[in-house]
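In: I would like the atomic coordinates for the input below:
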Amino acid sequence: MSTSPPDTAHDTAADAAQETAADVAQDTAADARADAGTPAPPTAHDFDALYARSDDPWHFDGSWYEARKRRLLLASLPHARYARAFEPGCATGLLTAELAPRCDQLLASDGAERALATAAARLADQPQVAFARLWLPGDWPSGRFDLIVLSEFVYYLAPADIDRLAECVRESLVPGGVVAACHWRRPIDGCALAGDAVQERLHARMGLRQVTDVRDADFRLGVWTSAASASVADSEARG
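Out: Numbering: from 1, shown residues only. I've put the predicted structure just below:
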């Protein structure tokens, strides 16, 4: 596990100024949406407040529902290993911990500082995993990825930001790369779109070939690829 703390007081001050500017921009955008009568997506402050009240606000630990969903997502990935993966919205790192053994490099991010600290502690023995505090889509990282996992966070974005996110995904995916997305299907207070609408919007905006579309009673799981063929059997010359 690796992180990138500031090396100097100057860097610390610069980072603080950037975070303050981002917070102001988020609050201003939220006010504008509220004035327009549309749901205001949660901000970084909202998630920090959730984790200040509980280290596990969605009760991930010990949940069979969550464990089953993670296993289905991981089983749906068409390749055994990935060179460089990105998991935004990693929360406390439960999916990250199960994804890490299949990745040469894995970047995991979240907008909540406390959640990110818990995830980093959980994967302290995994040197191929790096963590970054990012607020998407504005903080989308540089570089290319052969796997991007969007799990249970895209519905918190405004529809226009979902479109920007999909564009970032498409542009940063290497040829033959894979995208997996999984979202709760029921309406969520304060979110403009529920899981089905999120998955369908991602599908329309990413412009990738969909190879898996699981419609569970509770969640929607999709996998897309930029590869010409998505057959795992064909990749092993199985008839």
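In: Confirm for me that Thr92 is in contact with Phe60.
Out: Yes. At 6.3 Å, Thr92 counts as touching Phe60 under the criterion of Cβ atoms under 8 Å. Quick note: C-beta positions are derived from backbone N, CA and C, even for glycine.
In: Settle it for me: which of the two has more neighbours?
Out: In terms of neighbours (other Cβ atoms under 10 Å), Thr92 is the more surrounded of Thr92 and Phe60; the figures are 25 against 17.
In: Helix or strand: which one has the more buried one?
Out: Here Thr92 sits in a region with no helix or strand, counting by DSSP states H and E.
In: check contacts around the closest residue to Gln105 other than its chain neighbours.
Out: Once flanking residues are discounted, Gln105 sits nearest to Arg84: 4.6 Å by Cβ to Cβ, 6 or more residues apart in numbering. Counting by Cβ atoms under 8 Å, 6 or more residues apart in numbering, Arg84 touches Cys103, Asp104, Gln105, Leu106, Leu107, Gly143, Arg144, Phe145, Asp146, Leu147.
In: what sits up against the lengthiest strand in the chain?
Out: In the chain, with assignment by DSSP state E, the single longest strand is strand 173-184. Applying Cβ under 8 Å, 6+ apart, the external contacts of strand 173-184 come out as 69, 73, 76-79, 82, 144-152, 154-155, 169, 194-195, 198-199, 202, 206, 208, 218-227.
In: Outside of the next helix or strand after it itself, list whatever touches it.
Out: On the C-terminal side of strand 173-184, the nearest following helix or strand under DSSP H and E is helix 195-206. Outside helix 195-206, the residues that touch it by Cβ under 8 Å, 6+ apart are 150, 154-155, 159, 162-163, 165-167, 169-170, 179, 181, 183-186, 193, 210, 213, 219-220, 222, 224.
In: List the buried residues of the helix or strand hosting Ala117.
Out: Take DSSP H and E as the rule and Ala117 turns out to sit in helix 113-122. Neighbour counts over helix 113-122 (16 or more other Cβ atoms under 10 Å) mark Arg114, Ala115, Leu116, Ala117, Thr118, Ala119, Ala120, Arg122 as buried.
In: Contacts only, for the residue lying closest to Ala80 once chain neighbours are set aside.
Out: Nearest non-adjacent residue to Ala80, counting by Cβ to Cβ, 6+ apart: Arg102, 6.6 Å away. Residues in contact with Arg102 (Cβ under 8 Å, 6+ apart) are Leu74, Leu77, Ala80, Arg81, Tyr82.
In: so which of these is the most crowded?
Out: Highest neighbour count within the contacts of Arg102: Tyr82, with 21 neighbours (other Cβ under 10 Å).
In: what bridges to that residue?
Out: According to DSSP bridges, the partner residues bridging Tyr82 are Cys103.
In: quick one: contacts for it?
Out: Tyr82 neighbours (Cβ under 8 Å, 6+ apart): Arg102, Cys103, Asp104, Asp146, Leu147, Val178.
In: 7 Å instead, please
Out: Tyr82 is in contact with Arg102, Cys103, Asp146, Leu147, counting by Cβ atoms under 7 Å, 6 or more residues apart in numbering.
In: Would you mind giving the residues you listed as TSV with distance to Val129 and pLDDT added?
Out: Formatted as TSV, the contacts of Tyr82 follow (distance: Cβ to Cβ, whole Å; pLDDT from 0 to 100):
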residue	distance to Val129	pLDDT
Arg102	12	98
Cys103	8	98
Asp146	16	98
Leu147	13	98
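In: re earlier: ok, residues contacting the helix or strand just after the helix holding Ala117?
Out: Beyond helix 113-122 on the C-terminal side, the first helix or strand identified by DSSP H and E is strand 129-133. Identification of contacts with strand 129-133 by Cβ under 7 Å, 6+ apart yields 1-3, 96, 100, 106-111, 113, 116, 119-120, 123, 141.
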